[in-house]
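Peer 1: need a structure here:
(2 chains)
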Protein chains: 2
Amino acid sequence: MAGLPNMQMLLRPEMIEFGWGHPAFDLLPAAELAEASRQVVARHGPETLVYGAAQGPGRLIELLRERLERIDGQAPPVERMLVSGGISQALDMICSHCTNPGDIALVESPVYHFGLRLLRDRGLDLWPVHADQHGIRPDALAETLRQVEGTGRRARLLYTVPIFNNPTGSTLALERRQTLMDLVARHKIVVIEDDAYRELWFDRPPPPSLSTLDFSRVIRLGSFSKILAPGLRLGWIVADDALIGRLKDSGLLTSGGGINHFTANVVAEFMSNGSLETHVPRLRAAYRERRDILLDAMAQYLPDTCSFMRPEGGFFVWVTLPEGLNSTTLLPQAEAAGVAYLPGERFFAGGGGQRHLRLAFSLLSSDELRTGASRLGLIIRQAISQNCL
Amino acid sequence: MAGLPNMQMLLRPEMIEFGWGHPAFDLLPAAELAEASRQVVARHGPETLVYGAAQGPGRLIELLRERLERIDGQAPPVERMLVSGGISQALDMICSHCTNPGDIALVESPVYHFGLRLLRDRGLDLWPVHADQHGIRPDALAETLRQVEGTGRRARLLYTVPIFNNPTGSTLALERRQTLMDLVARHKIVVIEDDAYRELWFDRPPPPSLSTLDFSRVIRLGSFSKILAPGLRLGWIVADDALIGRLKDSGLLTSGGGINHFTANVVAEFMSNGSLETHVPRLRAAYRERRDILLDAMAQYLPDTCSFMRPEGGFFVWVTLPEGLNSTTLLPQAEAAGVAYLPGERFFAGGGGQRHLRLAFSLLSSDELRTGASRLGLIIRQAISQNCL
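Peer 2: Model prediction:
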């Protein structure tokens, strides 16, 4: 019997899967995590298995604060932190407590497609804010805010992936940050900063979190999914004390205790024994190499009428097809030729994006990256010639 | 530095804590879980660490089906199962997808207080349905339904803990089950069956889940918190295929993958290597002994004007104080004398319950159980004499 799947990913034989923004199997520190599980139970015993503190285990919060201090130059106060079950769970929980169906949410455009789905599940009314290779355009934000005001309603939140954006890989430019924060402050909007990729920089560390500019206006969502393992379902929230207090006192956390207590303890052990410190630089080097191989192969195989951005971190390369091509209708042909990707339109709340596609390089070997780029180049060239007729 | 807490429980020195319905430290299989973590990673490697299948890992679902077949005499079809992050997470997720603020929820009365808080967090309008030592009274359910109808509205769900109820320890009587199911079917209400304590029976197994009577009307919530460890944050849902499909397709599960993938794999290993099979009977014996010691001590130390129920499973003894006493106002005196409990009124959505209190025997040693009962008896006798003046 084939049985039910264990994993989310369904890998198809002979298919180069640029679609899955997942870490590579060989970059998951399985043995070290197994050892951390053994160690933490030996060291702290039943305390790792009872109902956890609502905020997350103190030992993980302290380690996270130390880590964020190294990253941002400042540690968030304890009262502003909460351990989550990953960014998706955090986003879901925040929507439960801070939004009502019908509320307006501004969303970077393009942005993480399942983030959009999660917000839509809560009945939120999504208004796109256009971004370019330097992140959200302040003029686009101002314009969308004017449009919202014109309806007599107001926006509640802005969802953005400002560092190594999913899907584009772009990072919000330094000179745009303060303008953006001024705008959201003036309109009393809370920014939900999906900060999943920050630590996977290739060349230099990105600018600090938006929450370092204004704690009270930014809910920052961090995750162990990209720097450690997504199956752990562990992340953290940095936000205003009032929100953290509200989440801590919620029925969900009062009833079940901390979100993912056992795993949180395992990860605390993985951090405190130094494994994370050695693991993350290994990831940076590996993903940098994959990016470079893919970009080289794309330069070699894609026609010059294609353009693409060079990401400085994260998992993704964002491709713009020549005029007249459509990434959604091209996909079946690409898959028939053994290469899969995600069509751009999935990442746009307000429609559009048909000329774009997202390639994830995180999962693939050097050979697969080259073969994939070659297959994609061939299919795009074929489509261009078909288009000429 | 004292530091942030790691656990939910704050144990006070010299205090006998009947308040916490938590498993005893010495009944948590820490070493076996550490070994299962090691084994599952060794056996399945990175597959335990990537994004998990939305429904939960197939290997856990299959093991759960086998287990439920042994318990209920029938295994739920695969399409009706989903691995959850414990009952609280399941209840929260179901509210997200099936309710709107202002909806009417019927709630067993008394029932699990944090379950009530979780429903209230979602803005649900809670209507109590009275229960006695044999669970929900069908006449009370019919009466509440008539009252709801009288307002021109309708109830969406009924939340109940029908087996070894928290707080009373009662079990819904066999002869009431079909009447209850007929009533909810006639009124198109879904039953949320919080089935946390089923496996912790002391004398004989309880009747099968209400969901075996009508799959389409019952959302059954199961948990590893009581039979294994609450810090794992792992449970399961058995429900109608349509609801399971909706949850699987939600933004939360599409984005993050299965709720608690790594832990789900650890628990699958703990089940498949036979550890759970030997662990649960050990728990039954241990908790049965604690119940017996507490009941004996209560018979010895409490005045005859107190009454209490003899639970056939679970964690709790429900006490009724003599007329004129109030468990809420008595609590400070009890705590001053070194014994703590939960006042009954917390478990009643519609008010009342002041003459009741809940004692959890799960956490305490034989000596603590006896000392606690003795202190409680003393305080109650003092209150009675104060009351006479």
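
Peer 1: Please make it C-alpha for all contacts and neighbour counts, starting now.
Peer 2: OK.

Peer 1: for the top helix by length along chain A, packing partners?
Peer 2: In terms of residue count, the longest helix belonging to chain A (DSSP state H) is helix A:275-301. Applying 3 or more Cα pairs under 8 Å, 6 or more residues apart in numbering or on different chains; DSSP states H and E, we find helix A:275-301 packed against helix A:366-388.

Peer 1: what about A:E14, is that helix, strand or coil?
Peer 2: Of the three states, A:E14 takes coil according to DSSP: H, G, I helix; E, B strand; the rest coil.

Peer 1: Do I have it right that it meets A:G338?
Peer 2: Yes - using Cα atoms under 8 Å, A:E14 is in contact with A:G338, at 6.2 Å.

Peer 1: Of those two, which one has the most company?
Peer 2: Per other Cα atoms under 10 Å in any protein chain shown, whichever of A:E14 and A:G338 has more neighbours is A:G338, with 18 against 10.

Peer 1: Next, the closest residue to that one other than its chain neighbours: phi, psi?
Peer 2: Excluding the flanking residues, the one nearest A:G338 by Cα to Cα, 6 or more residues apart in numbering or on different chains is A:M15, at 4.5 Å. Main-chain dihedrals, A:M15, degrees, to the nearest 10: phi -100, psi 130.

Peer 1: Please tell me how far A:M15 sits from chain B.
Peer 2: Here the criterion is Cα to the nearest Cα, to the nearest Å. By it, A:M15 lies 19 Å from chain B.

Peer 1: What are the neighbouring residues in contact with that residue?
Peer 2: Counting by Cα atoms under 8 Å, 6 or more residues apart in numbering or on different chains, A:M15 touches A:335, A:338-340.

Peer 1: Make JSON lines out of those residues and add distance to A:F202, pLDDT and secondary structure.
Peer 2: As requested, those are exported to JSON lines (distance: Cα to Cα, whole Å; pLDDT from 0 to 100; DSSP: H, G, I helix; E, B strand; the rest coil):
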{"residue": "A:E335", "distance to A:F202": "30", "pLDDT": "98", "secondary structure": "helix"}
{"residue": "A:G338", "distance to A:F202": "29", "pLDDT": "98", "secondary structure": "coil"}
{"residue": "A:V339", "distance to A:F202": "26", "pLDDT": "98", "secondary structure": "strand"}
{"residue": "A:A340", "distance to A:F202": "25", "pLDDT": "98", "secondary structure": "strand"}
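
Peer 1: Can you tell me which of the residues you listed is closest to chain B?
Peer 2: Distance to chain B across these (Cα to the nearest Cα) is lowest for A:A340, with 18.5 Å.

Peer 1: for the residue nearest to A:I384 when sequence neighbours are not counted, helix, strand, or coil?
Peer 2: For A:I384, ignoring the flanking residues on the chain, the nearest one in space by Cα to Cα, 6+ apart is A:L325 at 7.4 Å. For A:L325, the assignment made with three-state DSSP gives coil.

Peer 1: wait, what's in contact with A:L325?
Peer 2: A:L325 neighbours (Cα under 8 Å, 6+ apart): A:354-355, A:383-384, A:387.

Peer 1: now A:G3
Peer 2: Counting by Cα under 8 Å, 6+ apart, A:G3 makes contact with B:G58.

Peer 1: Generate a PyMOL selection restricted to the buried subset of the contacts of A:L325.
Peer 2: Command for PyMOL that selects the buried part of the contacts of A:L325, burial taken from 16 or more other Cα atoms under 10 Å in any protein chain shown:
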select buried, chain A and resi 354+355+383+384
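
Peer 1: Same list (the contacts of A:L325) but as TSV, adding pLDDT.
Peer 2: Formatted as TSV, the contacts of A:L325 follow (pLDDT from 0 to 100):
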residue	pLDDT
A:Q354	97
A:R355	97
A:A383	96
A:I384	94
A:N387	77
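
Peer 1: Closest to chain B out of the contacts of A:L325?
Peer 2: Out of those, the member with the shortest distance to chain B (by Cα to the nearest Cα) is A:Q354, at 22.0 Å.

Peer 1: Right, I'll call it a day here.
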